[in-house]
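Need a 3D model of the sequence below.
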Amino acid sequence: MTWLWALCGYLCGSIPFGLLIARAATGKDVRTVGSGNIGATNVARAAGRAAAVVTLALDALKGFVPVLIASRSNGAEVPLAPVAAAAAVIGHCFPIWLRFRGGKGVATGLGVSLALAPWAALAGAATWVVLYKLFRISSVGSLAGVLVAVGVAVLTAGRSAVYGLLAVAAIILLRHQSNIRRLFRRQES
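Here you go, the predicted structure:
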C-alpha cells in the first residue's frame, strides 16, 4: 500500500505544469530559458507573471491533492501522507516525462506543507514574500521559507507531518545547491 501512495505522489508531482503553461502562453520551451527548470520562477522569465502565478498554483495543487487524500487513508502501518509528500516533490524535481530534469520543488513543497501542516505552510510562504520583497532573489525567500516552515511544523504539527516536511526540506535544499553556492559568492541573480 505504501508503494502505491509513493507512486501516486510521484506521478502527480511529475506533471510538468510549468512546461505546459509556458508553451501554451508563448510557444517557448521553459527549459531553454534562464535556469532551465520548469518551476514558477523560471516560467516568469519565459512567459511572464500571470503564467508564473498559474504555474505556482498548479504546482502547489499537485502536491496538496495526493497528500490530502493519503492523510485520510486509514489502516496503514506507515503514515502515508509524508510518503506521498516526499514522492510528490521528487516527482516535480525529477519527472520521468522530462528525463528527470524538473524544478526545485518549492511550490510543490508549499502544497504538501499546506496538507501536512497548514500553519507551517503559511509561515513559510509569508517568509518567502517578505524576503523576496526585500532582496528580489527568489532562492533567498525559498530557502528561508523552507527552514521557517520546518521550524513552525515542529511547534504546531504532529510527528509524521514533521518527518514529511523534513524530507521535503532536504530535497529542496539539495536542489538549491547551486543557488546556495552563488549566494555565498554573491552572484545569485
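
what about Leu166, how many residues close to it?
15 (other CB atoms under 10 Å). C-beta: built from backbone N, CA, C; applies to glycine.

Distance check, it against Leu110.
For Leu166, the distance to Leu110 equals 16 Å [CB to CB, to the nearest Å].

Please apply the same query to Gly124.
Distance of Gly124 to Leu110, computed by CB to CB: 7 Å.

Between those two, tell me which one has more neighbours.
Counted by other CB under 10 Å, Gly124 and Leu110 do not tie: Gly124 has more neighbours, with 30 against 26.

so what's Ala76 scoring on pLDDT?
The score at Ala76 is 65. That number is its pLDDT.

List the buried residues of the helix or strand encompassing Tyr132.
Element membership for Tyr132 (DSSP states H and E) is helix 118-135. Using 16 or more other CB atoms under 10 Å as the burial criterion, the residues of helix 118-135 that qualify are Ala120, Ala121, Ala123, Gly124, Ala125, Thr127, Trp128, Leu131, Tyr132.

ok, Leu80 - contacts?
Taking CB atoms under 8 Å, 6 or more residues apart in numbering, we find Leu80 in contact with Met1, Thr2, Trp5, Ala70, Ser71, Ser73.

Let's see the ChimeraX selection covering just the buried ones among those.
Selection of buried members from the contacts of Leu80 for ChimeraX, criterion 16+ other CB under 10 Å:
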select :5,70,71
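
give me the low-pLDDT residue ranges for this structure?
Applying pLDDT under 70 to the chain flags residues 75-77.

Give me the contact list for the longest helix anywhere in it.
Determined from DSSP state H, the single longest helix within the chain is helix 49-71. Applying CB under 8 Å, 6+ apart, the contact partners of helix 49-71 are 5, 8-9, 12-13, 15, 17-18, 21-22, 25-26, 39-41, 43-44, 80-81, 83-85, 87-89, 92, 103, 107-112, 114-116, 164.

correct me, but Ala85 touches Leu165?
Yes - taking contacts as CB atoms under 8 Å, Ala85 lies within contact range of Leu165: 7.5 Å.

Now for these two: what residues contact both?
Val112, Ser113, Leu116.

Which members of those occur in helices, if any?
Among those, the members found in helices (DSSP H) are Val112, Ser113, Leu116.

Buried ones among these?
Val112, Ser113, Leu116.

Grab the nearest non-local neighbour of the last one.
So that's Leu116. Ala161 (4.1 Å; CB to CB, 6 or more residues apart in numbering).

For whichever strand or helix holds that neighbour, name the packing helices and strands.
For Ala161, the host element (DSSP H and E) is helix 159-175. Here helix 159-175 touches helix 80-93, helix 106-116, helix 138-156, going by 3 or more CB pairs under 8 Å, 6 or more residues apart in numbering; DSSP states H and E.

now the shortest one against helix 49-71, angle please.
For helix 106-116 against helix 49-71, the angle between stretch directions is 40 degrees (axes from the mean of the first three to the mean of the last three CA atoms, to 10 degrees).
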